[in-house]
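**Q** model the following, please.
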Amino acid sequence: GAEMSDEDWGAGFAKSLGVFLNGRAIPTPNERGEQIVDNSFYVMFNAHHEPLDFTLPEAKWGERWAEVLDTSADHDHLDEEKLGPEHPAGGALNVQPWSLRVLRRAA
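**A** Down below sits the predicted model:
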C-alpha cells in the first residue's frame with residue numbers, strides 16, 4: 001500500500017473515517033466448517049475539532065442502523081436489550097469533535 005505523507009495526514013479527509021464491519025462476510029468457518037455470521041456495525045471516527053456529518057451505508061448493507069455508542073454522549077447503549085434510536089440507510093449522521101459513534105445493523 002501507499003504510505004501517507006505529512007501533507008496527507010494534514011488533509012481534511014484524514015480527520016474522519018467511516019468503517020463498515022460486515023458480520024455476514026466473515027471468511028473463516030467455525031470448527032464444524034460452518035459459516036460464522038455476526039452482527040454488522042458502522043463505526044464513525046471524527047478526529048477533527050469541529051462536528052462532521054457522515055452518510056450511512058446504502059440500503060443493501062442495512063435498512064436501519066441502531067445507536068450503540070456515542071463517546072460524546074453521557075450514556076451508551078452497549079446493553080443488547082437497550083439499543084438506542086435507529087437511523088435509516090443513506091441518512092446523514094453528525095459526529096461531534098474528537099469522538100466516535102458506533103451503530104449496529106437493525107434486524
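**Q** do you know how far the residue of the chain most remote from its centre is from Arg24?
**A** The centre of the chain is farthest from one residue, Arg32, which by CA atoms, centre = their mean lies 30.2 Å away. Look at Arg32 and Arg24: by CB to CB, to the nearest Å, they are 18 Å apart. All C-beta spots, glycine's among them, are computed from the backbone N, C-alpha and C.
**Q** same deal with Pro97?
**A** Pro97 sits 33 Å away from Arg24, going by CB to CB.
**Q** do Ile36 as well
**A** Distance, Ile36 to Arg24, by CB to CB: 10 Å.
**Q** same deal with Asp53?
**A** Computed as CB to CB, the Asp53 to Arg24 distance reads 27 Å.
**Q** now do the strands in the chain.
**A** With strands called from DSSP state E, the chain shows them at 16-21, 41-46, 52-55, 64-70, 86-88, 92-95, 99-105.
**Q** what's the last one packed up against?
**A** Helices and strands touching strand 99-105, as assessed by 3 or more CB pairs under 8 Å, 6 or more residues apart in numbering; DSSP states H and E, comprise strand 41-46, strand 64-70, strand 92-95.
**Q** for that strand, give me every contacting residue.
**A** Strand 99-105 has contacts (CB atoms under 8 Å, 6 or more residues apart in numbering) with 23, 39-46, 54, 56, 61-62, 64-72, 83, 87, 93, 95.
**Q** quick one: strands adjacent to it?
**A** Paired neighbours of strand 99-105 in the sheet (DSSP bridges): strand 41-46 (antiparallel), strand 64-70 (antiparallel).
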